[in-house]
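A.B. asks: sharing a model prediction with you, sequence too.
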Amino acid sequence: MNAIKMFRSVAVFASLISLVAGACQDVVIASRVDCGWVGITQQGCEQRGCCYDETTPEVKWCFYGSNVPTTIAPTTMAPTTSQLPTTTAPLITTAAPTATANIPTTTQGEFIPSSTPVHIIPGTGSSVTGVTSLGEELFVVREGSPQITVYSVSTFTVTRQLQVGVTASSSSLAADSINNCVYMSNPDANKVYRVELTGSNTVTSWSTGSWPLGLSVNSAGNVLVVCNTANKIQEYTTTGSLVREISLQSGIVSPLNVVQLSNNQFGVTHIGGYPWLERYCVVGLDGSAVKCYGSSYGSGVGQMNGPWGLTLNQHGTVFIADSNNHRVLMLNPSTFNATKLAVDGGLQTPYCVHYDKSRDQLYIGEYDGQQRVVVLGK
């Protein structure tokens with residue numbers, strides 16, 4: 001299944017969901033509007049009040065019914081500038097760039113990667129949905145795999161397999177240097193799994209809010225989880241005790257990923273809403289947006305198309321996997337200006353990103369194409 005056609009996660013108000021339920025049979029295949037994300041199950045799709053039909057390959061399988069509101073943008077083509085409502089302009093404290101300009105390929109900030117990859121881990125026939133590192137090890141999880149593959153960060157050869165024992169459609173990974181473990185999300189089961197990195201690699205788990213997608217670990221060694229359909233950020237201890245829960249406020253709909261910033265605010269990517277927005281937002285402790293980069297979806301400056309993967313370096317520079325635009329953006333935390341990372345040979349649906357602070361290396365996992373892990377360094 002093509003991730004470009006299934007990627008966009010739709011989260012709209014309950015009133016909009018109720019509009020489309022029960023109107024599946026009248027939808028023409030070419031007119032389907034996404035109501036899910038990569039790997040969503042039939043149960044998950046139908047729980048959202050949407051239609052599910054996997055009988056035709058290479059099309060959207062989870063989609064709205066025939067009475068989908070016309071103001072929700074379809075995913076088959078990018079809107080023109082004249083189609084972009086002024087209400088979806090980026091919420092940015094500085095002047096917003098025009099949507100028609102081209103994203104520059106020159107980079108900014110302290111980490112300026114070479115366009116020539118340090119290394120490329122070839123694909124294995126499955127999409128990369130999570131990547132992280134700790135010490136001398138690189139951890140990779142692929143769609144539908146019951147294990148986490150561990151590579152040496154020096155030789156990029158496989159050193160071991162961590163058996164989690166469950167499969168998931170869109171698992172994310174996060175490594176915890178304080179507690180010496182790796183966490184994996186499982187949105188299909190509404191759980192987070194913790195894997196010890198020593199001894200017998202004991203696996204434990206706990207339940208979270210609805211559809212846990214992106215994961216990260218903060219400076220306290222606690223796990224941050226975005227719950228996509230619950231529209232929340234949850235923070236847990238390493239043993240799964242809930243520390244706090246933050247409900248995202250109006251306009252921040254269907255969160256995909258989260259990181260904690262140095263000022264204790266959060267960085268969140270999200271796609272969806274009414275009107276449709278695809279953005280990276282700095283979010284306060286009350287769940288409201290402080291400032292955002294992005295608008296309605298597209299490929300120009302101030303636009304993204306599937307901002308899934310999210311990571312930070314030690315200077316606060318933000319890296320976003322702009323998946324359906326096949327690029328990684330680097331966002332200056334002060335100016336909120338974005339630049340596209342140049343990568344020799346390009347990228348195919350970059351899905352997850354992780355910055356290795358100890359080596360100044362950026363790991364990029366691809367969902368489509370060759371489904372590689374691309375390693376960029378200085």
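C.D. replies: Arrived safely, thanks for sending. Numbers count the residues shown, from 1 in each chain.
A.B. asks: could I get the contacting residues of the closest residue in space to residue 126 that isn't next to it in sequence?
C.D. replies: Ranked by C-beta to C-beta, 6 or more residues apart in numbering and with sequence neighbours excluded, the top spatial neighbour of residue 126 is residue 142, at 3.8 Å. C-betas here are computed from N, CA, C, even on glycine. Residues near residue 142 by C-beta atoms under 8 Å, 6 or more residues apart in numbering: 124, 126, 127, 128, 129, 149, 371.
A.B. asks: do the same with residue 163
C.D. replies: Residue 163 neighbours (C-beta under 8 Å, 6+ apart): 146, 147, 201, 203.
A.B. asks: can I assume residue 175 is in contact with residue 140?
C.D. replies: No. With contact defined as C-beta atoms under 8 Å, residue 175 does not reach residue 140; the gap is 11.7 Å.
A.B. asks: can you tell me the strand partners of the helix or strand containing residue 293 and which way each runs?
C.D. replies: Assessed by DSSP states H and E, residue 293 sits inside strand 289-295. Pairing partners of strand 289-295, with direction, according to DSSP bridges: strand 277-283 (antiparallel).
A.B. asks: quick check: residue 312 vs residue 149, distance?
C.D. replies: Computed with C-beta to C-beta, to the nearest Å, the distance linking residue 312 and residue 149 is 24 Å.
A.B. asks: any weak-confidence spans in this protein?
C.D. replies: Within the chain, the segments meeting pLDDT under 70 span 1-22, 36-41, 43-44, 47-49, 58, 66-110.
A.B. asks: grab the most central residue of it for me.
C.D. replies: For the chain, residue 308 is the residue whose C-alpha lies nearest the centre (C-alpha atoms, centre = their mean; 2.3 Å).
A.B. asks: got the contact list for it?
C.D. replies: By C-beta under 8 Å, 6+ apart, residue 308 lies in contact with 7, 214, 256, 257, 269, 321, 323, 351, 352.
A.B. asks: could you rerun that using 7 Å?
C.D. replies: Under the criterion of C-beta atoms under 7 Å, 6 or more residues apart in numbering, the neighbours of residue 308 are 256, 257, 269, 321, 323, 351.
A.B. asks: can you lay out these as CSV showing secondary structure?
C.D. replies: Formatted as CSV, the contacts of residue 308 follow (DSSP: H, G, I helix; E, B strand; the rest coil):
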residue, secondary structure
256, strand
257, strand
269, strand
321, strand
323, helix
351, strand
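A.B. asks: widest-spaced pair of the residues you listed?
C.D. replies: 269 and 351 (12.1 Å; C-beta to C-beta).
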